[in-house]
Each structure stands twice: as C-alpha cells, then as structure tokens.
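**Student:** structural data only, the sequence is not supplied:
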C-alpha cells in the first residue's frame, strides 16, 4: 500500500492543477498523504531506535507495541532499523520511476544498486 500511495503522490505532484474544486481537494489530499509518506520512515526509525530501558515499559507497549512487536531491541542499530530502511528504499524507487521517466538507464541503476 505504501508504494501505491507514493506513486499517487509523485504522479499528482507532477500534474498539480487548481482549476476546479475536485483539483483543489486532490491537491490538498496529495499534500496530506505526501507528508505521511515522506515522514513515516523517519518516525518508525526514531521509535525503533529509542533506548532499551524505555522500549519495554507498559506505557510504550500501549502506544507503539505493534511497531516493535517482532523486533529484538538488543540487536544492533542496523538490524533494528531494517523496516524503516526498507520503506525508505520503496520511496526512493517510486520517486525514481516517476520523476526520472526520461532516463531509463538511471532508473535501472537506481533500482538495482
């Protein structure tokens, strides 16, 4: 679902028009979901990288328990931040495919490396 939202965001960002009410609603939703798509990987990274003492408290489990349920918090930072790096990679792939449509070689290099 994240890939579809980011594709829609980047495609709508290329064709912003304010000609009618539906265009204005579409652009405002694009800004709202764009903020979500761009900020989400960093929010998850900041939550996962919290100190170990705070992560296993009852208050933390009630707020963010589903985000760190399967994560072993005593592992290294790179292992804990896998999910946010994976989501950021998906964001980079979708932005590359939409924004660099005139450069297929650059698209292939960005996606494979």
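**Tutor:** Sure, I can see it. Keep in mind the model is a prediction, meaning the values are calculated, not measured.
**Student:** quick check: which ranges of the chain have low pLDDT?
**Tutor:** 50-56, 67-75 (pLDDT under 70).
**Student:** please, where are all the helices along it?
**Tutor:** 2-14, 21-48, 52-55, 58-64, 77-80, 82-99, 104-112 (DSSP state H).
**Student:** can I get those helices in CSV with mean neighbour count?
**Tutor:** The way it works is simple: take the backbone N, C-alpha and C, and place the C-beta from them, glycine included. Compiled in CSV, those are given as follows (neighbours: other CB atoms under 10 Å):
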stretch, mean neighbour count
helix 2-14, 16
helix 21-48, 14
helix 52-55, 12
helix 58-64, 11
helix 77-80, 12
helix 82-99, 16
helix 104-112, 11
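**Student:** residue 6 contacts residue 41, correct?
**Tutor:** No: counting by CB atoms under 8 Å, residue 6 stays clear of residue 41, with 10.7 Å between them.
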